[in-house]
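Student: This is a predicted model, with the sequence first.
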Amino acid sequence: MAWVYLVAAGLLEIGWAMGLKQTQGFTRLWPSVLTVGAMAGSFWLLALALKALPIGTAYAIWTGIGAVGTAILGIWLLGEPASPGRLAGIALILSGIVTLKLAG
């Protein structure tokens, strides 16, 4: 169950990272409320996952899911560049996540 919590926490991290853009510096109420809610949920689920998983592995995977997901959504939804270097970076983070999961 810890891995399910960790993946859900990572998905919420993507949500709050994307939400930060929509808050416009926390000047918009509802995007700000949703973003803070996603932050709280992400931290809570990470804390639950940490009851059973090593901190180094869990934290790296949590941030990796957030980084990869946010970068992909930035490219897909916000028109950010999909340069070869950026895509290679995403691939490297993904390979690190998989390696940590298999090793941990």
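Tutor: Looks like it arrived, so ask away.
Student: low-scoring pLDDT stretches of this structure, where are they?
Tutor: Residue ranges of the chain with pLDDT under 70: 104.
Student: List the single closest residue to the spatially most central residue of it in space, sequence neighbours excluded.
Tutor: In the chain, the C-alpha nearest the mean C-alpha coordinate belongs to residue 66, at 1.6 Å (CA atoms, centre = their mean). Spatial nearest neighbour of residue 66, excluding adjacent residues (CB to CB, 6 or more residues apart in numbering): residue 13 at 3.4 Å. Heads up, the C-betas are built off the backbone N, CA and C, glycines and all.
Student: Check the secondary structure at the one you found for me.
Tutor: Counting by DSSP: H, G, I helix; E, B strand; the rest coil, the backbone at residue 13 sits in helix.
Student: how close does it sit to residue 98?
Tutor: Relative to residue 98, residue 13 is positioned 18 Å away (CB to CB, to the nearest Å).
Student: Over to residue 8?
Tutor: 18 Å.
Student: Compare these two and say which is more crowded by neighbours.
Tutor: Higher neighbour count among residue 8 and residue 98: residue 8, with 18 against 12, using other CB atoms under 10 Å.
Student: Does that one lie in a helix or a strand, and which?
Tutor: helix 2-23 (DSSP states H and E).
Student: I'd like the next helix or strand past that helix.
Tutor: helix 29-49.
Student: Please name the residues that touch residue 23.
Tutor: Contact analysis of residue 23 by CB atoms under 8 Å, 6 or more residues apart in numbering lists 31, 32, 35.
Student: try residue 78
Tutor: residue 21.
Student: One more pass at 6 Å, please.
Tutor: Neighbouring residues of residue 78 by CB atoms under 6 Å, 6 or more residues apart in numbering: there are none.
Student: Contacts only, for residue 73.
Tutor: residue 18.
Student: separation between the nearest residue to residue 82 once chain neighbours are set aside and residue 2?
Tutor: Distances taken as CB to CB, 6+ apart place residue 75 nearest to residue 82, at 4.7 Å, with adjacent residues excluded. Remark: distance between residue 75 and residue 2 (CB to CB) = 30 Å.
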